[in-house]
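*Asks:* pasting the sequence and the predicted coordinates here, then a few questions.
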Amino acid sequence: MRSHRRGCVGVGNDHSGETVERSGDKLSLKTHVTYGVSQFGLNTIGTAFGVNALFFYSTILKFDTVLFGIVLLIGQIWDAITDPIMGYTSDHTTWKHGRRRPYFLLGSIPLGVSFFLVFSPPLLQSNVTIFIYLLMTILILYTSRTVFETPYLALAPELTPDYNERTRLSGFKQFFGTLGDAMGAMVPLLLLTAFHENRRAAHFAYGLIACVTMIALSAVTLWGTFERPNLVRQSKTGIKESLRAVAKNRPYLIFMFSSTAAQMGNNIVTYLVLFLTKYWFLDETLATRFFAVFFAGCICAVPMWVWLSNHIGKKWAYVSTMAGYGLLLSSVLLLRQDARLFATAVMFFAGAFNVGLWVLSGTVAPDIIEWDEYHTGERREGVYASVWTFVYKAGIGLALWVVGTALKFIHFDADLPVQTASTLLGLRILFGPISGMFLFAGALAFLTYPITKSKHEEIRRLIRERQSSGSSV
């Protein structure tokens, strides 16, 4: 059942069950919290996958690391097709309850189930059968995440047009996301201890927990958020024309390159923690300590990045976090095997820089949508959110491909309890300088980003004037 909804934004709940908040740019605490909690669910899945998937499939199932990387690359190709389609579909949806929120449960249910299946494979005996099983579950996982996350991200800039309020909304979202990261990284390790080192049983249990968590929190977001139908000017162009417009949006291209590079550097670090603790420090239990201080750094730093963004601007805050993170990681090459205290300190500050990447990227993207609206006269939150979803998953997939291929190149052997000196050096180079290079590249590219706070305020003013006069571009 479809209908085109028009009218003024009012207070309370309308007959459709869609919560429509009062006029004005400020959001209630309820909206901040209920929007943000779904990021907890997403990160319980995304972080657990990133930290554990390659280690689980290579050391427990003995799956070839290069083949693992190929599966992720195929997933990225699939994403390149499905993400823009989902963005365009969401932008042009005319369902009674809105064009974003109805997709939340449609995506979260298969997302939770497919994540459970990734970590609950049957007893497969060959690389071929593991490859087929993993590929099928990954394609379902990626597609369902696209169905949920693209409308979820597209909703954020529609909730408020205010420059600083968007930073606050992103801060709430990232706070919950960081808690989800902590759960995704640490709970599987705690379950591993509870199940007496039975990694299959531990991941089976965590898969169930994450599945239920994702579905439940998406329902909370569906209940607690709203849409502003009268503030949205739908794009009347086709999907090809919309993607061409995105490709001509210089600020977004800069942001996309910087974000992908930064995420790849950050993700390589996350994916190698288990390898580094087990084979360099020869103590896999250190991973629990490292992740604990990492997420302590994340939680402590969220207010700092929100404050810094509001005082020096999003551009320079984002450049600072990428450059600082890159410098920190480059020092890892100096790590000795007995330098556990130094490594713990590095992980704390890595967490602080990590959360800066997410808080600031979440505040930059909505401003770019208004840059596009000013130049084209149309709003394309869904298309832009689809590109951002693709960038996020590209950061995961490409980083896992780099790590999987590099492990083969440095002759990593999962059957050896102690790796060769050259393999250990390769692990540290990957974890440190190579990750740092990606972050430096992102920082350098973002120096050319043109949207400042004053520029954004001018764009918002011109858009309001255009809307009040009833004209287009």
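*Replies:* Happy to help now that I have it.

*Asks:* any buried residues in the lowest-mean-pLDDT helix or strand in the chain, and which?
*Replies:* Between all helices and strands in the chain, the lowest mean by mean pLDDT, DSSP states H and E belongs to helix 239-247, at a mean of 74. For helix 239-247, the neighbour count (16 or more other Cβ atoms under 10 Å) marks 239, 242, 243, 245, 246 as buried. (C-beta placed from N, C-alpha, C; glycine too.)

*Asks:* next up, the contacts around the third one.
*Replies:* Residues in contact with residue 243, defined by Cβ atoms under 8 Å, 6 or more residues apart in numbering, are 84, 383.

*Asks:* show me where pLDDT drops low in the stretch 301-450 of the chain?
*Replies:* Counting by pLDDT under 70, the stretch 301-450 of the chain contains no low-confidence segment.

*Asks:* and residue 154, how far from residue 102?
*Replies:* For residue 154, the distance to residue 102 (Cβ to Cβ, to the nearest Å) stands at 13 Å.

*Asks:* what helix or strand is the nearest residue to residue 48 once chain neighbours are set aside on?
*Replies:* Closest residue to residue 48 apart from its sequence neighbours, by Cβ to Cβ, 6 or more residues apart in numbering: residue 184 at 3.7 Å. Secondary structure from DSSP states H and E places residue 184 in helix 163-194.

*Asks:* could I get the average pLDDT for that helix?
*Replies:* The pLDDT scores in helix 163-194 average 86.

*Asks:* what of stretch 47-59?
*Replies:* Per-residue scores along stretch 47-59 average to 91.

*Asks:* circling back: out of the buried residues of helix 239-247, which comes closest to residue 44?
*Replies:* residue 246 (29.9 Å; Cβ to Cβ).

*Asks:* show me what whatever helix or strand comes next after the least confident helix or strand of the chain packs onto, helices and strands only.
*Replies:* Once the chain leaves helix 239-247, the next helix or strand it forms, by DSSP H and E, is helix 250-279. On a contact count with 3 or more Cβ pairs under 8 Å, 6 or more residues apart in numbering; DSSP states H and E, helix 250-279 meets helix 29-55, helix 286-312, helix 314-330, helix 340-376, helix 381-409, helix 421-429, helix 435-446.

*Asks:* and the angle for the fifth one with helix 239-247?
*Replies:* When axes from the mean of the first three to the mean of the last three Cα atoms, to 10 degrees is applied, the directions of helix 381-409 and helix 239-247 differ by 70 degrees.

*Asks:* what's helix 381-409 packed up against?
*Replies:* helix 29-55, helix 65-91, helix 127-159, helix 239-247, helix 250-279, helix 340-376.

*Asks:* about what we covered before: report the buried residues of the helix holding residue 184.
*Replies:* Buried residues in helix 163-194 (16+ other Cβ under 10 Å): 163, 165-189, 191-192.

*Asks:* can you check stretch 75-84 too?
*Replies:* 75, 76, 78, 79, 82, 83, 84.

*Asks:* residues contacting it, please?
*Replies:* 135, 138-139, 142-143, 146, 150, 239, 242-243, 383, 386-387, 389-390, 393-394, 397-398.

*Asks:* quick one: buried ones out of those?
*Replies:* Among these, the ones that count as buried (16+ other Cβ under 10 Å) are 135, 138-139, 142-143, 146, 150, 239, 242-243, 383, 386-387, 389-390, 393-394, 397-398.

*Asks:* residue contacts, the residue most central in space within the chain?
*Replies:* Centroid-nearest residue in the chain, with Cα atoms, centre = their mean: residue 392, separated by 4.9 Å. By Cβ under 8 Å, 6+ apart, the residues touching residue 392 are 149, 263.

*Asks:* any idea how far residue 327 is from it?
*Replies:* 24 Å.

*Asks:* re earlier: for the least confident helix or strand of the chain, list the C-alpha coordinates in PDB.
*Replies:* Taking Å, rounded to 0.1, in the frame of the first residue of the first chain, the C-alpha atoms of helix 239-247 are listed here in PDB:
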ATOM      1  CA  ILE A 239      19.500   6.200 -10.900                       C
ATOM      2  CA  LYS A 240      22.200   6.800 -13.600                       C
ATOM      3  CA  GLU A 241      21.700  10.600 -13.500                       C
ATOM      4  CA  SER A 242      21.800  10.500  -9.700                       C
ATOM      5  CA  LEU A 243      25.100   8.600  -9.700                       C
ATOM      6  CA  ARG A 244      26.600  11.000 -12.300                       C
ATOM      7  CA  ALA A 245      25.600  13.900 -10.000                       C
ATOM      8  CA  VAL A 246      27.400  12.200  -7.100                       C
ATOM      9  CA  ALA A 247      30.500  11.600  -9.300                       C
END
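
*Asks:* excluding its backbone neighbours, what's nearest residue 448?
*Replies:* That would be residue 254: by Cβ to Cβ, 6+ apart, it lies 5.7 Å from residue 448.

*Asks:* do the same with residue 289
*Replies:* residue 344 (6.3 Å).

*Asks:* residue 386 too?
*Replies:* Closest to residue 386 by Cβ to Cβ, 6+ apart is residue 87, at 2.7 Å.

*Asks:* just residue 98 next, same as before
*Replies:* In space, residue 98 is closest to residue 227, 4.1 Å off (Cβ to Cβ, 6+ apart).

*Asks:* same check on residue 330?
*Replies:* residue 436 is the one closest to residue 330 (Cβ to Cβ, 6+ apart), at 4.2 Å.
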